[in-house]
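Asker: Generate a structure from the sequence data that follows.
(2 chains)
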Amino acid sequence: MTNSPLTPGIVPSRLPADRIARHFADHTPPLDGHEALVAADRCYFCHDAPCVTACPTSIDIPLFIRQIATGTAESAATTIWTQNILGGMCARVCPTETLCEEVCVREVAEGKPVEIGRLQRFATDTAMARGLHPFVRAASTGKSVAVVGAGPAGLACAHRLAMHGHEVVVYERRAKAGGLNEYGIASYKSTGDFARREVDWLLQIGGITVKTGVELGRDVTLDGLLASHDAVFLGIGLGGVNSLRAPGEDKAGVADAVDFIAELRQTADLTTLPVGRDVVVIGGGMTAVDAAVQSKLLGAENVTIVYRRGQEKMSASGYEQDHATSAGVRIICNAAPVAVHGNGAVREVEFGYMADTPAGLQPTGETFRLKADQVFKAIGQTLTGAPEGATLEGGKIAALPARVWAGGDCTGGGEDLTVTAVAQGRDAAEDIHNVLMGVAG
Amino acid sequence: MANLTTDFIGIKSPNPFWLASAPPTDKEYNVRRAFEAGWGGVVWKTLGSEGPPVVNVNGPRYGAIWGADRRLLGLNNIELITDRPLEVNLREIKSVKRDYKDRAMIVSLMVPCDEESWKAILAHVEETEADGVELNFGCPHGMAERGMGSAVGQVPEYIEMVTRWVKQHSRMPCIVKLTPNISDIRKPAEAAKRGGADAVSLINTINSITSVNLDSFSPEPMIDGKGTHGGYCGPAVKPIALNMVAEIARSRETHGLPISGIGGVTTWRDAAEFMALGAGNVQVCTAAMTYGFKIVQEMISGLSQYLDDKGMTSTADLVGRAVPNVTDWQYLNLNYVTKAQIDQDACIKCGRCYAACEDTSHQAIAMLPGRMFEVMDDECVACNLCVNVCPVENCITMVEMPKGAVDPRTGDAVGDYANWTTHPNNPSVQAAE
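Answerer: Residues are numbered from 1 along each chain as shown, chains lettered A, B, ... in the order given. All right, here's what the predicted structure looks like:
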């Protein structure tokens, strides 16, 4: 192929294979043994450590780092997994710069936190490489629990339930388990098919049956699940995507960022994945950054993120924003889409500048147009397919009938992070266990 | 600039930093490099008697312990005295000394415990025109099993006897190197003095096993599945060495006996501390073995700057300055009251002071909302543990309470100097009444 970043339209193979490979290699390479010891030495083993408080799963970080420092990374992994069974993925995708590492006392003191995320990855990778799975199932309780959705919340819930001796059936609408770990993470954050390997590793505990291609509301119903199981956990995520509400968004070349990210993750040979020359991403979160950066890495000439509010309001962290701009992505703030122009396919997107006033966002009246042959919408996802009987608040599940629990992005309260979903799935499992076994909560 | 030129028992050197008798001083090649790097003197690695030289093991001869970032804190060795022929060493010593007349050249010696052996070796050394000899009564491994090294150093009568032979059969200044593997360092020092020694040097290495291999269950360093105790040195032994130097410096029997300080000297600051406690110069080994000969440049510049800052013009101004302040516990002022104080601006809120105080000391630090840590003066006994575990230098300090102020812990006003010898709880005081 002879395509280049300058080739018009949405085309594959804008860059040679070796550059694509380099672009999608591990964004944060793993620590080797020596680096891990040096990094672990920096931990002060704080009392009641702020990093633990900041971790949604409350991993005992000083303890696992001390275990690494004393040459027992496998024990460190056990410490991590006891709180967060998807600690391997979280080590890769957690925005540690806004969680544990943000509050590390060395970040406060020196502007250089202990590299908690990378150390966590070192521990979990080390133990997984040895094939260790340090959890065993309790004696069978005879109880059965349905878990809907094999994403982080569902998997964490399933593992904890299986550990307590329950039989678990996981129903997943997609072809593979993993949820956003498998379909929603930027490729350079989780290389080497790690999401699948981690699911396989998690299932080693036994007692968990995963049924893929089964969708709630289409293939099974909540009532049906309640009839065949003692309890149901819903970890169904957010299946819908917000629309631009701008004329022309149905034109060819306009797509959902989450679909692009998912397709990219499932494409074995990235030189075959088409991408535009002029890509516009609309939104201000991590999905926007992931779509934009990966477009650039595939060889798009111009990639622009456009966000309707000020930069400080972007939900993508400063670290993520820097990552985008250093990859060559331009970020325009305070502008909202007005119309998508083009004859059949998108050619330009028109934006209006916005002012953040006490009365809300107001157009200033000034507009501009960006050349675009591909537009990604990343302005938030919505809950779809919530079962009857669920009470929604703010578009998320807030209350459920008896014997039904929920966690992850489909519920409120979290920050739509993998690590939060894991915590919610784990805690729901404990709650389910207590209820099923008649333990006072 | 302060003058670092040192006159130690009549031996002059451009600075007080000598390399100790050890692997770095085993041959001409190393010693010439050391002198080029700026070392003031060397104590040539210990020579034995004529005849077939000793042999060393052919597996690892060093073991170590490390601190954070694998910083070497302690080194142990099972190497013996020089394993090169006596005549080669003597030839090289003479050659180097001829080219570096301004540097101190001391020759370390260890021969069997009979007068003839000592007389013979001394005659050879005199021919090299070396500046002095150091008697190795210290090495705790290998040679001690053959009745030499620390086997001599542990028996004051032997020390005195051999020292006397050396002074009798040689015109050279004689330094007696002491082993720390004894219960009271003053006894061998007194024996050396009685025998006529011009100085003592200390400490030699400490008997040690640095680690155990938990796969092979062998002490390290491991030789074919076995290990043996070796001599321990490096930064970890400095506190032990400082105490022993101070004991000799302040003892009535040995006060004034020149001391060459050895034991974990790694920076100019370590050297200054040894000298303040009475050492006329210092000998270095592990630091050079860890970082190479170049470190002497920092030692020279650092000591010069310190002496300048203190208004001292020579090392002699520093030597012994701390000796009068080394005392016995019973004379410490029990009315000296301090309280820990945490600098909230410097605090990084790690909470280590809190954990240490709460779990292992006097529950005198409060953890307040916002991870603010505050000393409770009514509980603080001023133990200093919080200062020691705090990762930020000078964040926690001990603040002296002024005379007359009421210590909220005891309710007593801070009084004048008073020590244990007059304290009402001291049974011997009551017995005297």
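
Asker: Give me the neighbour count for A:G344.
Answerer: Residues lying near A:G344 (other C-beta atoms under 10 Å in any protein chain shown) number 8. No exception for glycine: its C-beta is placed from N, CA and C like everyone else's.

Asker: who's in contact with the nearest residue in space to it that is not next to it in sequence?
Answerer: Leaving aside its sequence neighbours, A:G344 sits nearest to A:A252 (C-beta to C-beta, 6 or more residues apart in numbering or on different chains; 6.0 Å). Counting by C-beta atoms under 8 Å, 6 or more residues apart in numbering or on different chains, A:A252 makes contact with A:G342, A:G344, A:A345, A:V346.

Asker: With respect to chain B, which of those residues is nearest?
Answerer: Chain B lies nearest to A:V346 out of the contacts of A:A252, by C-beta to the nearest C-beta, at 51.4 Å.

Asker: Tell me how many other residues crowd residue 235.
Answerer: Looking at chain A here, since you left the chain open. 30.

Asker: please go with chain B instead
Answerer: With other C-beta under 10 Å as criterion, B:P235 counts 22.

Asker: Let me see the confidence value for the closest residue to it other than its chain neighbours.
Answerer: With C-beta to C-beta, 6+ apart as the criterion, B:P235 has its nearest non-adjacent residue at 4.5 Å, and that residue is B:G264. Predicted confidence (pLDDT) for B:G264: 97.

Asker: Next one: B:G264 from B:I65, what distance?
Answerer: For B:G264, the distance to B:I65 equals 12 Å [C-beta to C-beta, to the nearest Å].

Asker: Compare the two (neighbour count), which wins?
Answerer: Set side by side, B:G264 and B:I65 show more neighbours around B:G264, with 26 against 17, by other C-beta under 10 Å.

Asker: Doesn't that one lie inside a strand?
Answerer: No - counting by DSSP: H, G, I helix; E, B strand; the rest coil, B:G264 is not found in a strand; it is coil.

Asker: my read: it touches B:V245, true?
Answerer: No - using C-beta atoms under 8 Å, B:G264 makes no contact with B:V245, being 11.6 Å away.

Asker: residues near B:V42, how many?
Answerer: Using other C-beta under 10 Å, B:V42 has 29 other residues around it.

Asker: Give the bridge partners for it, please.
Answerer: Listed beta-bridge partners, B:V42: B:L19, B:M105 (assigned using DSSP bridges).

Asker: Would you check which pair of the contacts of A:A252 lies furthest apart?
Answerer: Pairwise distances across these (C-beta to C-beta) peak at 8.9 Å, for the pair A:G344 and A:V346.

Asker: Could you name every residue contacting both of these two?
Answerer: With C-beta under 8 Å, 6+ apart as the test, A:G344 and A:V346 both reach A:K251, A:A252.

Asker: Run through the strands of the stretch 201-350 of chain A in chain order.
Answerer: Here the stretch 201-350 of chain A has its strands, by DSSP state E, counting those that start in this stretch, at A:208-212, A:231-234, A:240-241, A:254-256, A:278-282, A:302-306, A:330-332, A:335-341, A:348-357.

Asker: ignore the last one, the stretch 1-150 of chain B
Answerer: B:6-8, B:11-13, B:17-19, B:41-47, B:62-66, B:72-77, B:104-109, B:132-136.

Asker: Need the winner for burial among these.
Answerer: strand B:17-19 (a mean of 30; mean count of other C-beta atoms under 10 Å in any protein chain shown).

Asker: residues contacting the closest residue to chain B within chain A?
Answerer: Evaluated by C-beta to the nearest C-beta, chain A has A:H47 as its residue closest to chain B, separated by 3.1 Å. By C-beta under 8 Å, 6+ apart, A:H47 lies in contact with B:C350, B:G351, B:R352, B:Y354, B:A355, B:M367.

Asker: hang on, the fourth one is in a strand, isn't it?
Answerer: When you say that, I think you mean B:Y354. No - applying three-state DSSP, one finds B:Y354 to be helix, outside a strand.

Asker: Run a quick check on A:F64 versus A:A123, I expect a contact.
Answerer: Yes - contact criterion C-beta under 8 Å: A:F64 and A:A123 qualify, at 5.9 Å.

Asker: So what's the residue count around A:T70?
Answerer: A:T70 has 12 neighbours, counted by other C-beta under 10 Å.

Asker: Local confidence estimate at it?
Answerer: Taking A:T70 on its own, its pLDDT is 90.

Asker: quick one: common contacting residues for B:G264 and B:I65?
Answerer: The contact lists of B:G264 and B:I65 share B:A236, where a contact means C-beta under 8 Å, 6+ apart.

Asker: need the helices for the stretch 151-300 of chain B, in chain order.
Answerer: Ranges of helices in the stretch 151-300 of chain B, per DSSP state H, counting those that start in this stretch, are B:156-169, B:186-195, B:238-250, B:268-276, B:286-291, B:295-309.

Asker: Now do the second one: which elements does it pack against?
Answerer: Applying 3 or more C-beta pairs under 8 Å, 6 or more residues apart in numbering or on different chains; DSSP states H and E, one finds that helix B:186-195 contacts helix B:156-169, strand B:174-177, strand B:199-202, helix B:238-250.

Asker: Could you export these to CSV, including columns for mean neighbour count?
Answerer: Formatted as CSV, the helices and strands packed on helix B:186-195 follow (neighbours: other C-beta atoms under 10 Å in any protein chain shown):
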stretch, mean neighbour count
helix B:156-169, 20
strand B:174-177, 29
strand B:199-202, 28
helix B:238-250, 22
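
Asker: who's in contact with B:G230?
Answerer: B:61-63, B:76-78, B:140-141, B:205, B:207-210, B:221.

Asker: now A:G213
Answerer: Contacts of A:G213 (C-beta under 8 Å, 6+ apart): A:E172, A:R173, A:R174, A:A175, A:D219.

Asker: Distance of the closest residue to the first one other than its chain neighbours relative to A:D256?
Answerer: Once its chain neighbours are removed from consideration, A:E172 has its nearest residue in A:A150; the separation is 3.8 Å (C-beta to C-beta, 6+ apart). Between A:A150 and A:D256 the distance is 21 Å, computed by C-beta to C-beta.
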